[in-house]
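Peer 1: Task: produce atomic coordinates for the following.
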Amino acid sequence: MLAGCSPAVPTPAGPIATVGLNPSLTPSTLAPTPTPVPSEGSPGPILQTLIPTPDPTQSLPTPITATIDLTGPTAFRTVTSAVALGGAIWVSQYQHVGAWLVRIDPVSGMITLTRPLPSTIAPAELAAGSDGSLWVATVPGATGGEATPNGTVARIDPASGAVVAQVQLPIQGEIAPSSGVVWVPAGSKLQRLDAATLKVTGSFPAAGQPATQCALSVTQSAATSTAFYLDPDSGDVTATIDLGVDGRLLGNDPVEGADSCWALVGPPAGGDPATTGSTLAEFGLENRMVLTGQSPPFRGDVRFAAGTFWLVVNGTMTAIDPLTLAPLGPTWLLPPDVTDLSSWTLLGAGGTLWWVGSSEALRVGIAIPPTEAVGRIASRPWAGSFVPAAAAFSDLDHGILVGATGNRAGAGVVATTSDGGHTWSARLLDTPPLYGLSTHGSLAIASVTCRIDAPADCQTALIRGVDGGATWTASKDTGLDHAELTSSSLAWATYNPTISYAGFASSRDGGSTWKRYPSPCPRGFPIFEPTGISFPTATDGWLSCDGGGAGGSSAKALYRTTDGGRTWKTLFVQSLGAGGVPSGPANDLLLGGDSALIDFLADGTGWISTGDGLFVTHDGGLAWSLVGFDDGAGGLQIDAMDFLSSNDGAVLATDLTASANQISLERTTDAGASWVILTSWTVGN
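Peer 2: All right, here's what the predicted structure looks like:
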């Protein structure tokens, strides 16, 4: 269940160069909040109580549903590497001076391609790029194949298995391809290879094994493993992470993608095997790499396959949640042939799970846990009543609505429409109530509020959907609110965990991680806090502030930026004529009501809602005029609004004057001259 209520955690004053894994941390003190932890004391966990290991006698035998002989026609070929890519299993074979590429269809359990590789790439090591590219390189230290002064890196066409480009250069380790770049280790330096031209475009003095989980890093293996995160342009070290004995990076987050990644952190050097073990640690990339979560201690190995973490210990394997280590299904006995784990690779492809060894590949009949079990928010269809709180549309037909089963109470509800908002299909989420929403294409970000009975230190949070509102994941940042999506990657939000600590935040990865900045809201009394943010482009944005008030009026301020939030211009400040905040340039027309919601287009057309109605501007926020939703008594409350163009928009409004509140979703297609009710709800006061 999403914890929308967590204690305030101050944002660090600046970046930290070293991330250590505090051995004394426990699950309760490691809430997944992106706060850097200084490297102090011994790296890795010192175990007080080990998580119990599975009992093989209580485990289920693993069914083998397919077995593939990988020794070739001579029965002497040996598997040198295996990767999963594009829904297939790819294997490299080696025999004497030759190398071969093999593709396995995971569903049929058949070999669909066998192709010889150039003799300069024997033995061969496969590597899969995050962009779907397939690469092969000479195994470091190989003596077989055609003698060359350097190794060979080659790009493979996944359709035919043919080498489409290759280059010879020094190789002393496994290559690490990413989008548009291949990183090649060469002893004391790291080479950057352009993926299209295969030309070396950079060389850094960085020894170690490169990886691209979250960001570029190199790992040096000695008594302990240390990962150095590098700036991909300069090669400068931006963070150092001690992974303990035999620690290693595992894979990118199965839910959030490349913006979050996991590592197996081994015990500290010299630790007593009877009392030490390992943990799983999650890292997130902000301006520097930071520790965002850590599991309880355990003993055993962990493999990452099919978007799932698998604990392998005592001859068993179990799908686990990486943060809690909770099992996500039964514990299975390893196949009888899988004995020496160092020679076996666990892979997932086509909805199946495979163990690939030096001479064979085994498809195991183990159900892969659904993605929800590894971090997504649980949900189920909902036909009951709910209180809507916000709506957003991607076009005139398709939209998302969020709310809760009660008024700031109960569970969150998400509903979708494909007929312009006339009918809705709802799902109940395992979250507190939802009340804010922004969409861009199939991506959506919703705000999670605190229930009316929540503790006083409860904070808002955000959840993120990537498929039009069908499934959702929780953000690890708390205190964020009023999210606004500019594109599929750029997002903005406000934050206000405490009255004196408020501002705005930006995200460059679609709302997965956030960087916070101070707000331009007025200082002094009354105390202003940001209440709305709107960025129709990457550089042009508006921020509204509210200073509270009385008698049906509220102090307000509005600011504009044209440089992506670096500087802000004051459009108006209205402070009710009291306190130390200047009251001009003022806009008395917008004084009424409480906190202001805003929505702007790139041409400077924008809307602001107050308790006195809905107002529009056509000059970027200087001059305003009333559009509607003004009953003269403050009985109409605009809960949310979303405008697709200067003519087309939707408003969710509540009539507070009725014996039971009437909430209506209304649309205009003529710039507010007329409104049509799409759906209405009756909610008790």
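Peer 1: for the stretch 51-200 of the chain, which spans come out with low pLDDT?
Peer 2: 51, 140-149 (pLDDT under 70).
Peer 1: pretty sure residue 207 contacts residue 228?
Peer 2: No. Residue 207 is beyond contact range of residue 228, at 9.3 Å (criterion: Cβ atoms under 8 Å). Quick note: C-beta positions are derived from backbone N, CA and C, even for glycine.
Peer 1: what residues do these two have in common as contacts?
Peer 2: 218, 220 (Cβ atoms under 8 Å, 6 or more residues apart in numbering).
Peer 1: what's around the nearest residue to residue 662 once chain neighbours are set aside, how many residues?
Peer 2: Closest residue to residue 662 apart from its sequence neighbours, by Cβ to Cβ, 6 or more residues apart in numbering: residue 655 at 4.2 Å. Residues within reach of residue 655, counting by other Cβ atoms under 10 Å, total 16.
Peer 1: what's the answer for residue 383, then?
Peer 2: Count around residue 383 with other Cβ under 10 Å applied: 7.
Peer 1: Where does the residue lying closest to it once chain neighbours are set aside fall, secondary structure wise?
Peer 2: Nearest residue to residue 383, sequence neighbours excluded (Cβ to Cβ, 6+ apart): residue 426, at 7.3 Å. Per DSSP states H and E, residue 426 falls inside strand 425-429.
Peer 1: Who are the contact partners of the closest residue to residue 410 other than its chain neighbours?
Peer 2: Once flanking residues are discounted, residue 410 sits nearest to residue 404: 5.1 Å by Cβ to Cβ, 6+ apart. Residue 404 is in contact with 386-387, 389, 410-413, 432-435, counting by Cβ under 8 Å, 6+ apart.
Peer 1: does residue 404 have beta-bridge partners, and which?
Peer 2: Applying DSSP bridges to residue 404 gives these bridge partners: residue 387, residue 412.
Peer 1: swap in residue 99?
Peer 2: Beta-bridge partners, per DSSP bridges, of residue 99: residue 94.
Peer 1: For residue 562, give me the backbone phi and psi.
Peer 2: Backbone torsions for residue 562, taken as degrees, to the nearest 10, come to phi -120, psi 10.
Peer 1: how close does it sit to residue 535?
Peer 2: Distance of residue 562 to residue 535, given as Cβ to Cβ, to the nearest Å: 11 Å.
Peer 1: Which residue of those two possesses the greater neighbour count?
Peer 2: Ranked by neighbour count (other Cβ under 10 Å), residue 562 and residue 535 place residue 535 first, with 24 against 14.
Peer 1: Chain neighbours aside, what residue packs nearest to the more buried one?
Peer 2: Nearest to residue 535 is residue 541, by Cβ to Cβ, 6+ apart, at 3.8 Å.
Peer 1: Around the one you found, how many other residues sit close by?
Peer 2: 25.
Peer 1: partner residues bridging it?
Peer 2: Residue 541 forms beta bridges with residue 561, as assigned by DSSP bridges.
Peer 1: show me what contacts it?
Peer 2: For residue 541, counting by Cβ under 8 Å, 6+ apart, the contacting residues are 492, 533-535, 560-561, 564-565, 600.
Peer 1: doesn't residue 91 make contact with residue 70?
Peer 2: Yes. Taking contacts as Cβ under 8 Å, residue 70 lies within contact range of residue 91: 6.1 Å.
Peer 1: Identify the contacts common to those two.
Peer 2: Counting by Cβ under 8 Å, 6+ apart, the shared contacts of residue 70 and residue 91 are 79, 102, 356, 361.
Peer 1: Could you verify my assumption that residue 249 touches residue 219?
Peer 2: Yes. Residue 249 is within contact range of residue 219, at 6.9 Å (criterion: Cβ under 8 Å).
Peer 1: Identify each buried residue in stretch 463-480, please.
Peer 2: 463-466, 468-469, 471-480 (16 or more other Cβ atoms under 10 Å).
Peer 1: Those in strands, which ones?
Peer 2: By the criterion of DSSP state E, membership of these in strands covers 463-465, 472-478, 480.
Peer 1: Same question for the helix or strand where residue 573 lies: list its buried residues.
Peer 2: In the assignment (DSSP H and E), residue 573 maps to strand 569-574. By neighbour count on 16+ other Cβ under 10 Å, the buried set for strand 569-574 is 571-574.
Peer 1: what's the following helix or strand after that strand?
Peer 2: Following strand 569-574 in sequence, per DSSP H and E, is strand 597-600.
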